[in-house]
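Chemist: model this:
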Amino acid sequence: MSKHDDAELILKLYDLRREPVMREARNWMFTFNPTSIQDVFDALLGEHSGHYRMVISYWDMAAAMVNNGAIDETLFNETNGEHIFVYSKIEPVIEEIRTMFGSPEFLRNLETLVKRIPNIDEKLPAMRERMRKFGEMRAERAAKSEAAAAVA
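Modeler: A predicted model of the protein is given here:
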């Protein structure tokens, strides 16, 4: 496949990410920081089940395209980072999910792609720590907004 074709596929994947429901799901995923299998179950059984499933299946599908040669891996990784972000959220509980659901291949494409990234074992914990800090900042900002609204 030519680099031009790879670029076209990447741009199509980008366009899919801009679809309103997918954008809503991605925004939710940004706030979802599971620390246990129970957090994943709560997401699956709650109002955000569709958001969770949409985002993780999207990135596993995109990774399958890369892993099977439909998209150049280097170009994909240089133009995307969200797949790493999503995997970093699920990675701590991925084996439990696979066991609990009897699905040993769950997110296998995404995992395979991400695990080939150099130094990924150092990058994933650092990414989770950044997400934790963002969560704290969001909560702090929300508390300030609520306090200001209560005064007004």
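
Chemist: which helices and strands sit right next to the helix or strand hosting residue 61?
Modeler: Per DSSP states H and E: residue 61 is located in helix 49-67. Applying 3 or more CB pairs under 8 Å, 6 or more residues apart in numbering; DSSP states H and E, one finds that helix 49-67 contacts helix 3-17, helix 20-31, helix 37-45, helix 73-79, helix 82-90, helix 108-115. C-beta here means a position set from N, CA and C on the backbone, and glycine is covered the same way.

Chemist: counting contacts, what elements does the third one pack onto?
Modeler: Other helices and strands packing on helix 37-45, by 3+ CB pairs under 8 Å, 6+ apart, are helix 49-67, helix 94-101.

Chemist: kindly export that helix (C-alpha atoms) in CSV.
Modeler: The C-alpha coordinates for helix 37-45 follow below in CSV (Å, rounded to 0.1, in the frame of the first residue of the first chain):
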residue,chain,number,x,y,z
ILE,A,37,-12.5,-4.4,37.5
GLN,A,38,-15.5,-3.0,39.4
ASP,A,39,-15.0,0.4,37.7
VAL,A,40,-15.2,-1.4,34.3
PHE,A,41,-18.3,-3.3,35.3
ASP,A,42,-19.9,-0.1,36.6
ALA,A,43,-19.2,1.5,33.2
LEU,A,44,-20.6,-1.5,31.3
LEU,A,45,-23.7,-1.6,33.4
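
Chemist: please identify the deepest-packed of the helices and strands packed on helix 49-67.
Modeler: Highest mean neighbour count among these (mean count of other CB atoms under 10 Å): helix 82-90, with a mean of 21.

Chemist: give me the angle between that one and helix 108-115.
Modeler: Counting by axes from the mean of the first three to the mean of the last three CA atoms, to 10 degrees, helix 82-90 lies at 110 degrees to helix 108-115.

Chemist: now helix 82-90 against helix 37-45, angle please.
Modeler: Here the directions of helix 82-90 and helix 37-45 differ by 120 degrees (the same axes, to 10 degrees).

Chemist: how about the lengthiest helix in the chain: buried residues?
Modeler: Using DSSP state H to define each element, the chain has its longest helix at helix 120-151. Going by neighbour count (16 or more other CB atoms under 10 Å), the buried part of helix 120-151 is 124, 127, 128, 131.

Chemist: rewinding a little: report the mean per-residue pLDDT for the helix holding residue 61.
Modeler: Mean per-residue pLDDT for helix 49-67: 97.
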